[in-house]
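Could you work out the structure for the sequence below:
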Amino acid sequence: MRLLGLTLAVFIAGCQSEARRLLLVDLTLADPLVLETTAAPWHAAGYRVEYRQFYPHLTRSDLARYRAVIVLGGREPQSPSDALTIGDLAILTEWTRGRHGVVILGYRSDGRGENEDGTLDRWVMNQWLASQGAGIAIAAEPVDAPASPQPHSALDNAGFAPFPAGRNHALQVRDRSQTLARAPASALVAASRVDDGLIVVASRSLLAAGNEDRRTRDFLDALARWTRRPAEWATVRAATNPVALRLAEAPLQVSVHPPPLTPPPGAAAITLPQPGAGAASSSRDDSIAVSGWIARQGMRVLWSRFTPQSFDSLLGFVDVAALNALATIIPVPALADTFGTRNIWRVTAERIQATSVRWFPAVSLVAIPSPGADEVNRHGDLMPMPCGLDSLFWRAALRPAYRTLARLGGARPDVIAGVAVDLDSAMTYYRGSGFCDADYRVGLAALGLDPAETERLTALPPTVRYDTLLERGWLGRYFEALQAAVAERAVGLRGELRRLHPELRFAFHATEVPADWFSLGLLRGFSTRDAPALLWLRERDGRGGHTRGLLRNYRERQIYVLSAVGLEPNRATFAPGEAARLRSVVFGENHGFWLTGGGAATDSLGRMIRRFAR
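As a prediction, the model looks like this:
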């Protein structure tokens, strides 16, 4: 009897463990630090969320290990990423039929219509939904509106108030009972029963929007809890009229890729949120040095393009708005050492010398020309960016650009507080790349293979390098090696620049959280505890406690940054009712804010900003 009881206990525990496990699959191979917001509602609902970053495909063992799976669509064919395969679709079909499994499809939507990234996976998802008879289809037209929980839906505890929903497409549904949340004219979140399983469809943007607003998080929490209660799915219309899966007319050929029994040995899953997250974590770290001007006032930065004609008006707005830093993107031709440019920078330095503003001359990383080789993406195609580890790129492009920026003060070097780099665009290119010859040699050397195997892999053409590393479970170590190599080179460049200008700081501007191997390597190499880098992100990346998790993740990787949050330069942003909420984000979660300069930079707006920052 005792043995029987023990066996029963183990069996029940195993069933409970499977029922509580959820696998997160992201076909963009996103860094865990940008997926914790997506995982948070499911973790709060009792799921153990596991993420297998470097093997974004389903295996037969996943059917037994997990009850639910979230599939986040990729960027193909517009931008390089992995993509759904026929093998993935076969596993998804087994997931729901006869085993109470839950499939959540998170399609990609950038809100730019037909030209946006991710049309391949969105098309494949639609074909698979039709083959299941799900009665749900992702339409082509984007929807720019908040979502509202559907009244009297199967998800009856999701509240009533509209909530921010990120970027979405309209969902076409067969029956009203399938709608869980909607915009005024279309469904945005929908579900369908397939045998004993459940399919849920939403945009990956909505699934990641829980930190933008408490109402959004409440809806996602309710959705996650609901997927664990099969008895409540009964009012959702069941799938009917399945059809044969047709993939012949896909925007890009769909890979067959038969599902393996298990993931490769080097592609282990991690748990999200990662251990160490919690209330004890803080966006502030006493061991990180904070410059006096940031500690006193916080960063108050105007980010703009440099033109000699508009420079005086920019300085005037900085004065009216009580900002303390000005970052200006310098056109690359203006960095050439000529009589004309020397005169421009002399006059500029004199103007700044007469103010108390701290100047950060900046350059766009994607605009720096390089005589070296081009980067290569996962398909083996050339990208319009220099190979990240090409020595000519560092020696003849990146190093001269940084040195020139640091010397723009001329005879008045003290007017330059630091140099800044705009990471936008470059992050997109490096995110799906890393397979040029220079990168590949560095990455292979870090795998610790025997000489014969290394020689064989070195001879592989770029078109198969990604797939070879993926199937052997080596992608994780490969990208870690690339990031470490970038950091090592950045450390050397940082030391050289600090010898020229001992107080020089390094700032980085990014629309999205930097999470590609090249940007992370730069941040790691240019930051120290004594001189943390300055990271200027847009507003939605700094809301609702996300900054705490982001900076904690960065510190674990030896990346030390002080963050500023981007605010829209308009009157609505700084209206009295909005200002109170923003202050806690700007000066509590972050170390200040930054604004984009332009036509909105009026004196009346400047006075509103001054009152907000007081």
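
Please count neighbours and contacts with C-alpha atoms only from this point.
OK.

Now Arg97: closest residue in space, sequence neighbours ignored.
Distances taken as Cα to Cα, 6 or more residues apart in numbering put Asp195 closest to Arg97, at 5.3 Å, once the chain neighbours are dropped.

Work out for me the element Val124 sits within.
helix 119-132 (DSSP states H and E).

For the residue nearest to Arg97, which residues are in contact?
Going by Cα atoms under 8 Å, 6 or more residues apart in numbering, Asp195 touches Thr96, Arg97, Gly98, Ala238, Ala239.

Identify the residues contacting the first one.
So that's Thr96. Val102, Val103, Val194, Asp195, Asp196, Gly197, Leu198, Ile199.

For it, give its distance to Arg217.
26 Å (Cα to Cα, to the nearest Å).

do Ile138 as well
Relative to Arg217, and taking Cα to Cα, Ile138 is found at 23 Å.

got any ranges where the stretch 201-350 of the chain has weak pLDDT?
Scanning the stretch 201-350 of the chain for pLDDT under 70 picks out the ranges 275-286.

Let me see the ranges of the strands in it.
270-272, 299-305, 325-329 (DSSP state E, counting those that start in this stretch).

Between strand 325-329 and the second one, find me the angle.
Same thing as strand 299-305. Interaxial angle, strand 299-305 versus strand 325-329 (axes from the mean of the first three to the mean of the last three Cα atoms, to 10 degrees): 20 degrees.

Kindly report the domain assignment for this structure.
11-272, 299-375+390-430+498-613 (automatic domain parsing).

Columns distance to Met383 on top of those, output as a markdown table?
Shown next, in a markdown table, are the domains of the chain (distance: least, Cα to Cα, whole Å):
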| stretch | distance to Met383 |
| --- | --- |
| domain 11-272 | 10 |
| domain 299-375+390-430+498-613 | 5 |
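
Who does Gly592 form a beta bridge with?
Met299 (DSSP bridges).

From Leu567, how far out is it?
10 Å.

before we move on, back to that, between the contacts of Asp195, which sits nearest Gly525?
Gly525 has its nearest neighbour among the contacts of Asp195 in Thr96, at 46.2 Å by Cα to Cα.

nearest to Val25, of the contacts of Asp195?
Thr96 (16.4 Å).

residues near Ser584, how many?
13 (other Cα atoms under 10 Å).

Hmm, I typed the wrong one, I wanted Tyr478.
Tyr478 has 21 neighbours, counted by other Cα under 10 Å.

if I pick it, what's in contact with it?
Tyr478 touches Gly443, Leu444, Ala446, Leu447, counting by Cα under 8 Å, 6+ apart.

now Ile104
Ala68, Val69, Ile70, Val71, Ile199, Val200, Val201, Ala202.

Kindly report the same for Gly87.
Here Gly87 is in contact with Leu58, Val256, His257, Pro258, Pro259 (criterion: Cα under 8 Å, 6+ apart).

got the buried residues for the helix or strand containing it?
Gly87 belongs to helix 86-96 when assigned by DSSP H and E. Residues of helix 86-96 classed as buried by neighbour count (16 or more other Cα atoms under 10 Å): Ile86, Gly87, Asp88, Leu89, Ala90, Ile91, Leu92, Thr93, Trp95, Thr96.

Just send those residues back as a markdown table, with pLDDT too.
Below are these laid out as a markdown table (pLDDT from 0 to 100):
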| residue | pLDDT |
| --- | --- |
| Ile86 | 97 |
| Gly87 | 97 |
| Asp88 | 97 |
| Leu89 | 97 |
| Ala90 | 96 |
| Ile91 | 96 |
| Leu92 | 97 |
| Thr93 | 95 |
| Trp95 | 94 |
| Thr96 | 91 |
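
sorry, back to before: so which of the contacts of Thr96 are in strands?
Val102, Val103, Val194, Gly197, Leu198, Ile199 (DSSP state E).

Count the neighbours of the fifth one for me.
Burial measure for Leu198: 26 neighbouring residues, criterion other Cα under 10 Å.

what's the spacing between it and Ala234?
Using Cα to Cα, Leu198 is found at 10 Å from Ala234.

So for Ile352, what's the nearest residue that isn't a sequence neighbour?
Per Cα to Cα, 6+ apart, closest to Ile352 is Val415, 6.5 Å.

Please go through the chain and pick out the longest helix.
Counting residues, the longest helix found in the chain (DSSP state H) is helix 475-500.

how about the helix or strand just after that one as PDB, C-alpha atoms only?
Heading C-terminal from helix 475-500, the first helix or strand you meet, by DSSP H and E, is strand 505-510. Extracted C-alpha coordinates of strand 505-510, given in PDB (Å, rounded to 0.1, in the frame of the first residue of the first chain):
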ATOM      1  CA  ARG A 505      31.100  59.600 -20.900                       C
ATOM      2  CA  PHE A 506      29.500  57.200 -23.400                       C
ATOM      3  CA  ALA A 507      25.800  57.500 -24.300                       C
ATOM      4  CA  PHE A 508      23.600  55.200 -26.400                       C
ATOM      5  CA  HIS A 509      20.200  56.100 -28.000                       C
ATOM      6  CA  ALA A 510      17.800  53.300 -28.900                       C
END
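
which residues are contacting the helix or strand that strand 505-510 is followed by?
Using DSSP H and E, the helix or strand that follows strand 505-510 towards the C-terminus is helix 517-526. When contacts are defined by Cα under 8 Å, 6+ apart, helix 517-526 is touched by residues 388, 423, 427, 430-431, 479-480, 482-491, 494, 506, 514, 532-533, 557-560.

Buried only: go through the residues you listed for me.
With burial judged by 16+ other Cα under 10 Å, the buried subset of those is 388, 423, 427, 430-431, 479, 482-491, 494, 506, 514, 532-533, 559-560.

Just the buried residues from the contacts of Gly87, in ChimeraX please.
In ChimeraX, this line selects whichever of the contacts of Gly87 come out buried by 16+ other Cα under 10 Å:
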select :58,259
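
Out of the contacts of Gly87, which is nearest to Asn211?
Using Cα to Cα, those come closest to Asn211 at Leu58, 28.3 Å.

residues contacting the closest one?
Leu58 touches Gly87, Asp88, Ile91, Pro259, Pro260, counting by Cα under 8 Å, 6+ apart.

Would you check that the second one makes contact with His57?
Yes. Applying Cα atoms under 8 Å, one finds Asp88 in contact with His57, separated by 6.2 Å.

which residues are in contact with both of the two?
With Cα under 8 Å, 6+ apart as the test, Asp88 and His57 both reach Pro259.

So for Asn157, what pLDDT did the model give?
Listed pLDDT for Asn157 reads 76.

Neighbours of the nearest residue to it once chain neighbours are set aside, how many?
Nearest non-adjacent residue to Asn157, counting by Cα to Cα, 6+ apart: Ala222, 6.5 Å away. Ala222 sits with 20 neighbouring residues when counted by other Cα under 10 Å.

Please consider this matter closed, and thank you.
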